[in-house]
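Asker: A predicted structure for the sequence below; I have some questions about it.
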Amino acid sequence: MVIAGRIQRYIFMRCVSSLVMTLGIIVLAIVLVDVVEQMRTVGSRTQITIQTAFTLTMMKTPGLILETLPFAMLIGSILTYSQLSRRSEIPAVRAAGVSAWRFLGPVMVLALVLGTVMVTVLDPLATRLNEDFETTRDRLTGGGRPTVQGVWLSQGDLQAGAPTGETPAEDAAPTAAPAPANAQAIIHGRQIIGRGQALENVTFWFFRAGALGPQDREFTHRIDAQRAELKSGFWQLTGVIENRLGGEIIRAADLALPTNLSSDTLLSRFASSKTIPFWELPSFIDAGQAAGMEIGEYVLKYHTLLATPVLMLAMALIGAVVCLRLARSGGLSQLIGAGALAGFLLYFVTRLASGMATSGATPPEAAAWCPPLCALFAVLALLAHIEDG
């Protein structure tokens with residue numbers, strides 16, 4: 001046990017050293033290229049110094065590291081175990097009675113720990129710095145974010161509230177006919193203001209359950225407003241016109257409508273999944289689902305992040321298993337090349353599955369979990385065959 005523990009610590013340190021060296025080389029190359037790219041793109045629209053271009057690149061660096069770490073794990077694992085094999089250290093470890101499962105443990109632990117850090121620390125950091133990058137670039141170039149138009153929302157259990165005021169009063173009589181219990185409202189805002197706090201030229205269509213149940217919806221009334229501002233727990237409408245069945249029209253200056261939507265829910269209609277950090281994704285997905293929005297993009301990112309430790313583990317084992325053959329037996333270089341090709345193929349399949357999920361061809365959960373799990377099970381089966389026959 002003492003010998004095995006020392007061997008595992010030795011291999012672990014070798015894995016860390018190879019990973020740091022590989023990641024450093026990859027990130028340095030990417031940073032140099034990106035600095036030139038910032039000088040070319042941003043510098044062509046405004047005068048910036050090399051320090052400013054470097055600052056912009058540093059804001060993107062956590063995201064670049066997040067993308068390249070699986071490859072660094074693959075190459076680092078190949079470097080570590082190929083060197084151990086060439087120096088006949090793996091045969092010596094086997095002669096000491098240590099199984100492959102034991103001396104592969106260090107790289108497996110490193111992959112799982114690194115995958116967890118990527119999800120819990122690196123992704124939120126990359127998300128925040130990427131937003132700072134976009135803001136800084138827009139400020140330097142004088143460009144603004146495009147105005148979003150044509151927002152559609154679905155709100156269940158929405159009832160008409162009280163007229164006027166910052167908060168709905170319980171004893172105030174509504175200026176519009178209350179919606180029935182368990183009613184549903186379809187909301188269309190022709191223009192969104194700010195980060196989703198308000199809509200302009202907005203229309204609420206109210207429906208109630210028909211005789212055949214909730215699926216048999218019946219239209220009840222319609223409310224148009226010049227502006228709908230999202231407060232804490234309710235919409236504050238201004239310039240209200242209500243059209244009831246039978247042609248009755250009611251006008252009001254203000255109207256409050258209770259809601260369980262938030263500004264983040266409105267933002268999720270057009271926000272990229274890259275702008276949502278890992279820790280906010282669950283609540284973001286729940287809010288979007290409650291609003292009847294398309295949340296596949298966010299579900300895909302959430303499960304892809306959850307599957308990151310599995311992907312890192314698969315990459316590490318692919319790089320290690322191909323190096324277990326004795327160097328003097330020949331063919332080690334071909335096996336290393338095959339392992340590198342398998343790692344890149346896994347990355348390609350992962351991206352292909354993500355594209356299929358984005359297009360709706362496959363569930364996002366399956367697209368996120370199937371490629372890394374299949375690769376992991378395949379390499380574990382190959383390792384069991386090599387080690388146990």
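Answerer: Structure received.
Asker: what are the ranges of the helices in the protein?
Answerer: Per DSSP state H, the chain carries helices over the ranges 2-41, 50-86, 89-95, 100-103, 105-117, 123-141, 263-267, 281-290, 296-306, 308-321, 332-358, 364-388.
Asker: Which one of these has the poorest average confidence?
Answerer: In terms of average pLDDT, helix 263-267 trails the rest of the helices of the chain, at a mean of 56.
Asker: Which parts of the protein belong to which domain?
Answerer: 2-142+295-388, 149-267 (automatic domain parsing).
Asker: Show me which of the helices of the chain has the highest average neighbour count.
Answerer: helix 308-321 (a mean of 26; mean count of other CB atoms under 10 Å). Every residue, glycine included, has its C-beta placed from N, CA and C.
Asker: Quick one: distance of it to the chain centre.
Answerer: Put simply, helix 308-321 sits 21 Å off its chain's centre (CA atoms, centre = their mean, to the nearest Å).
Asker: if I look at M118, how far off is T135?
Answerer: 24 Å (CB to CB, to the nearest Å).
Asker: ok, now how distant is L79 from A316?
Answerer: Taking CB to CB, one finds L79 at 12 Å from A316.
Asker: same question, M21
Answerer: With CB to CB as the criterion, M21 and A316 are 16 Å apart.
Asker: pLDDT below threshold where in the stretch 151-300 of the chain?
Answerer: Regions of the stretch 151-300 of the chain meeting the criterion pLDDT under 70 cover residues 156-183, 192-197, 211-216, 260-272, 290-293.
Asker: Geometric centre of this protein: which residue is closest?
Answerer: K301 (3.1 Å; CA atoms, centre = their mean).
Asker: That residue: what's it in contact with?
Answerer: Counting by CB atoms under 8 Å, 6 or more residues apart in numbering, K301 touches S273, K274, I276, L281.
Asker: now the helices of the chain in JSON lines, with distance to L230?
Answerer: Shown next, in JSON lines, are these (distance: least, CB to CB, whole Å):
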{"stretch": "helix 2-41", "distance to L230": "36"}
{"stretch": "helix 50-86", "distance to L230": "30"}
{"stretch": "helix 89-95", "distance to L230": "62"}
{"stretch": "helix 100-103", "distance to L230": "56"}
{"stretch": "helix 105-117", "distance to L230": "36"}
{"stretch": "helix 123-141", "distance to L230": "21"}
{"stretch": "helix 263-267", "distance to L230": "6"}
{"stretch": "helix 281-290", "distance to L230": "12"}
{"stretch": "helix 296-306", "distance to L230": "20"}
{"stretch": "helix 308-321", "distance to L230": "34"}
{"stretch": "helix 332-358", "distance to L230": "28"}
{"stretch": "helix 364-388", "distance to L230": "28"}
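Asker: Ok, which of the ones you listed comes nearest G210?
Answerer: Distance to G210, taken as CB to CB, is lowest for helix 281-290 among those, at 22.5 Å.
Asker: what packs against that closest one?
Answerer: Applying 3 or more CB pairs under 8 Å, 6 or more residues apart in numbering; DSSP states H and E, we find helix 281-290 packed against helix 263-267, helix 296-306.
Asker: and that helix with helix 296-306, angle?
Answerer: 160 degrees (axes from the mean of the first three to the mean of the last three CA atoms, to 10 degrees).
Asker: Send over helix 281-290 as CSV, restricted to the C-alpha atoms.
Answerer: Below are the C-alpha coordinates for helix 281-290, written out as CSV (Å, rounded to 0.1, in the frame of the first residue of the first chain):
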residue,chain,number,x,y,z
LEU,A,281,-29.3,28.2,-15.0
PRO,A,282,-31.7,26.1,-12.9
SER,A,283,-33.8,29.0,-11.8
PHE,A,284,-33.5,30.6,-15.3
ILE,A,285,-34.8,27.4,-16.9
ASP,A,286,-37.7,27.2,-14.4
ALA,A,287,-38.7,30.8,-15.0
GLY,A,288,-38.5,30.3,-18.8
GLN,A,289,-40.6,27.1,-18.6
ALA,A,290,-43.2,28.8,-16.5
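Asker: tell me the angle that helix makes with helix 123-141.
Answerer: Using the same axes, to 10 degrees: helix 281-290 against helix 123-141 is 70 degrees.
Asker: chain center to helix 281-290: distance?
Answerer: 13 Å.
Asker: Looks like L230 contacts A256 (just checking).
Answerer: No. With contacts counted by CB atoms under 8 Å, L230 stays clear of A256, the gap being 11.5 Å.
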